[in-house]
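In: Structure for the following, please:
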Amino acid sequence: KTSTVYVLGSVHLMKKEVYPLNNKIEDAFEKSNILAVEANINDAAKLDLQKLLTSAFYPGNETLEKHVSKETYELVKKETGSMGMPLELINNHTLKDLKILKQEIDKLLQAWLTGDAKGIESIASRVNGDRRIARIYEKLYYERNANMTSMIEEFLKTNESYFVVVGAGHLVGNKGIIELLKRKGYHVEQI
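Out: Numbers count the residues shown, from 1 in each chain. You can find the predicted model right below:
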């Protein structure tokens, strides 16, 4: 059996100027029979939770609990607990320097646009370097990377052509999907 799996690292904060995508990406997509994505975009409840979590950063002494209903807060507690994430990590988080955040996002987008895996890895490793979130990173990245790598291996056992889209951070580093596939003997090339 021969199959091809194209893997695209996505960036959640992509700017509209990036579209249309690079021709190599468009060509790979056109050659694929099946699209596989990291998240089930039809699961509205989880999308709402993701939106809530990403907007849960308040200035000063403000907390998430002060801005959502008790039911929503309990849902967040349950979900963060199931991921091994201490609720305090998001509840009291503040964005003290939006300029630095914007610079990091711009660096990430530039690394993505130029196919700079080392640049993406550098940005991801700064987040991973925070001991307070090591357990979260283990669950959100490393465990999921292993699971997604296994899924890609299953795709490779078919006669189909797949286009897989996962967050760019899942592809880079020693525990990233690309390295895991290489260690298992698969031929991986960047297009």
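In: what about the strands in this protein?
Out: 4-10, 34-37, 161-167 (DSSP state E).
In: so what's the closest residue to Val5 other than its chain neighbours up against?
Out: Spatial nearest neighbour of Val5, chain neighbours left out: Tyr162 (4.5 Å); criterion: Cβ to Cβ, 6 or more residues apart in numbering. For every residue, glycine as well, the C-beta is placed using N, CA and C. Neighbouring residues of Tyr162 by Cβ atoms under 8 Å, 6 or more residues apart in numbering: Ser3, Thr4, Val5, Tyr6, Ser32, Asn33, Ile34, Leu35, Ala36, Ile152, Phe155.
In: which of the residues you listed tops the neighbour count?
Out: Neighbour count (other Cβ atoms under 10 Å) singles out Val5 as the most crowded of the contacts of Tyr162, with 23 neighbours.
In: Next one: that one, what pLDDT does it get?
Out: pLDDT, Val5: 96.
In: Quick check: it touching Leu156?
Out: Yes - applying Cβ atoms under 8 Å as the test, Val5 and Leu156 come out as touching, 5.9 Å apart.
In: now the helices for this structure?
Out: 23-31, 44-54, 70-82, 87-91, 98-113, 117-128, 134-137, 144-156, 177-183 (DSSP state H).
In: Can you flag the weakest of those by average pLDDT?
Out: Among the helices of the chain, helix 44-54 carries the lowest mean pLDDT, at a mean of 49.
In: Can you tell me how far Ile105 is from Ile123?
Out: Relative to Ile123, Ile105 is positioned 9 Å away (Cβ to Cβ, to the nearest Å).
In: Alright, I will stop here.
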